[in-house]
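Student: Okay, structure incoming, though there's no sequence with it:
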């Protein structure tokens, strides 16, 4: 299911108020159990999960059985459980795919924290509260159970252990993933993050988890990892070869999309600082320090690139022509790098306009450097190559300061800068009191 997501950034994470939910309200946690032909394991799974949550979870909860196109008695078992247990519901999909089931249920859920686990309950349920606690507190955006953490205790065969670790190595080397376990069937996400993130996830099968985590990590969202105790299900029906093939196709697709900047990950950005005092500070340019650092790094690399090109072009051309060609090539690369790395603009939208504006900035830099070379030639006649480089470095430093100001104010302006409407007001005591009375 694809929906359009708003262009504004995500709001700051808030701690869920104590007492939210309850019998008359929405649950705090919605645990989804995706199933396909699990008539034998479904009932003991839901009974055990429901008992565990009723005994240990301090908030209101719901268990949703997401049946994706089962052909056995699984739908009947799910309906019977929904009728007999409070806080249990069933959801039927007519198409297969774990990712499709999760996206559909999570998209329609009214719970602020969404989770899922496999029907075999291979993961020890004692990890469930540590999994969702950082999301309830507002500390993290997503949480995953990890079988590869040092303190995890795992019982499984050599083949599955090898496949899991090999897949982790592939993700780290190809997509620069830093999370440790993409495929453990034990994850949670805040609802407002899911509403923005899920429409960007294309996969509807087993790669859904990996794609979701990679995009979240690249967008700068906070992923919390929980070491788990995990026992392999010897009766698992997962087709390892077919799943591995689809996963590798997914890695290639996501890697290509990230390389060309085709994903609008800026929609997942969080404001810096979730403390209400941070949100109330006015007149402070957002991200200025980070942008300065990024611009300086890109500028230093661009200068080295420019000087190398100038030295190369100078072998067969005069100083003015070599300077113009080197500055043009390095300016295009500099604009592209600053667009993505310094100012966080992703996707192809506006790329041509940004390059055109960057060329105007380039023309100003060209005038500064060309004027410096002309003044040097008029003053000394035939300056040495070392002197030319020194003058160009000084001229480029002046052009760099002007370039940053023009980039920030004209080429890549922050449309929310100076607009206090986008800063959520801190909750007052009266607001909290009214919310509790409403419940």
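Tutor: Done, it's in. Remember, it's a predicted structure, so these values are computed and weren't measured experimentally.

Student: Quick one: mean pLDDT for stretch 200-207?
Tutor: Here stretch 200-207 scores 92 as its mean pLDDT.

Student: And stretch 76-93, by the same measure?
Tutor: Average pLDDT, stretch 76-93: 96.

Student: what are the ranges of the strands in the protein?
Tutor: Secondary structure of the chain, counting by DSSP state E: strands at 29-35, 61-68, 88-93, 113-117, 142-146, 153-155, 186-190, 223-227, 229-231.

Student: which residues are contacting stretch 108-118?
Tutor: Identification of contacts with stretch 108-118 by C-beta atoms under 8 Å, 6 or more residues apart in numbering yields 16, 20-21, 26-34, 49, 62, 64, 102, 106, 123, 128, 131-132, 135-136, 185-192, 194, 233. C-betas here are computed from N, CA, C, even on glycine.

Student: Tabulate the strands of the chain in CSV, adding columns for mean neighbour count and distance to residue 376.
Tutor: Shown next, in CSV, are the strands of the chain (neighbours: other C-beta atoms under 10 Å; distance: least, C-beta to C-beta, whole Å):
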stretch, mean neighbour count, distance to residue 376
strand 29-35, 25, 70
strand 61-68, 24, 72
strand 88-93, 19, 72
strand 113-117, 24, 65
strand 142-146, 24, 56
strand 153-155, 13, 68
strand 186-190, 26, 59
strand 223-227, 20, 54
strand 229-231, 18, 69
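
Student: In a markdown table, list those strands along with distance to residue 44.
Tutor: Shown next, in a markdown table, are those (distance: least, C-beta to C-beta, whole Å):
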| stretch | distance to residue 44 |
| --- | --- |
| strand 29-35 | 12 |
| strand 61-68 | 13 |
| strand 88-93 | 14 |
| strand 113-117 | 14 |
| strand 142-146 | 20 |
| strand 153-155 | 19 |
| strand 186-190 | 18 |
| strand 223-227 | 24 |
| strand 229-231 | 15 |
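
Student: Out of these, flag the one nearest residue 324.
Tutor: Evaluated with C-beta to C-beta, the strands of the chain place strand 223-227 nearest to residue 324, the distance being 46.6 Å.

Student: now the angle between strand 186-190 and that closest one, please.
Tutor: Strand 223-227 runs at 150 degrees relative to strand 186-190, counting by axes from the mean of the first three to the mean of the last three C-alpha atoms, to 10 degrees.

Student: so where's the stretch 1-150 of the chain uncertain?
Tutor: 1-9, 17-25 (pLDDT under 70).

Student: so residue 224 touches residue 140, yeah?
Tutor: Yes - here residue 224 lies in contact with residue 140, judged by C-beta atoms under 8 Å, at a distance of 4.0 Å.

Student: got any residues that touch both of the two?
Tutor: Common neighbours of residue 224 and residue 140 (C-beta under 8 Å, 6+ apart) are residue 134.

Student: Centre of the chain to stretch 125-137, how far?
Tutor: Taking C-alpha atoms, centre = their mean, to the nearest Å, one finds the center of stretch 125-137 at 20 Å from the center of the full chain.

Student: for stretch 186-202, same thing?
Tutor: For stretch 186-202, the distance to the chain centre is 10 Å (C-alpha atoms, centre = their mean).

Student: Identify each buried residue in that stretch, please.
Tutor: 186-191, 193-201 (16 or more other C-beta atoms under 10 Å).

Student: Determine which two of those are furthest apart.
Tutor: Spatially, the most separated pair among the buried residues of stretch 186-202 is 186 and 199, at 23.5 Å (C-beta to C-beta).

Student: list the buried ones in the helix of greatest length in the chain?
Tutor: Ranked by residue count and defined by DSSP state H, the top helix of the chain is helix 351-380. For helix 351-380, a neighbour-count test (16+ other C-beta under 10 Å) marks 354-355, 357-358, 361-362, 365-366, 368-370, 372-373, 376 as buried.

Student: packing partners for that helix?
Tutor: helix 319-337, helix 385-406 (3 or more C-beta pairs under 8 Å, 6 or more residues apart in numbering; DSSP states H and E).

Student: Pull the residues that contact the first one.
Tutor: This means helix 319-337. Residues contacting helix 319-337 (C-beta under 8 Å, 6+ apart): 298-299, 301-303, 305-307, 309-310, 312-314, 317, 354-355, 358-359, 361-362, 365-366, 369-370, 373-374, 377, 388, 392, 403, 411.

Student: before we move on, back to that, out of the strands of the chain, the one nearest residue 176 is which?
Tutor: Smallest distance to residue 176 across those (C-beta to C-beta): 13.8 Å, for strand 223-227.

Student: Contacts made by that closest one with the rest, please.
Tutor: Strand 223-227 has contacts (C-beta under 8 Å, 6+ apart) with 127, 130-131, 134-135, 139-146, 149-152, 179-181, 213, 216-217.

Student: Now, of those residues, which are buried?
Tutor: Looking at those with 16+ other C-beta under 10 Å, the buried ones turn out to be 127, 131, 134-135, 140-146, 152, 179-181, 213, 216-217.

Student: got the contact list for the one residue sitting closest to the centre of the chain?
Tutor: The centre of the chain sits closest to residue 216, judged by C-alpha atoms, centre = their mean, with a distance of 1.9 Å. Applying C-beta under 8 Å, 6+ apart to residue 216 gives the contacts 141-142, 193, 197, 223, 268.

Student: Mind putting those into CSV with distance to residue 117?
Tutor: What follows is these, written out as CSV (distance: C-beta to C-beta, whole Å):
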residue, distance to residue 117
141, 19
142, 15
193, 19
197, 19
223, 17
268, 24
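
Student: Cool, thanks, talk later.
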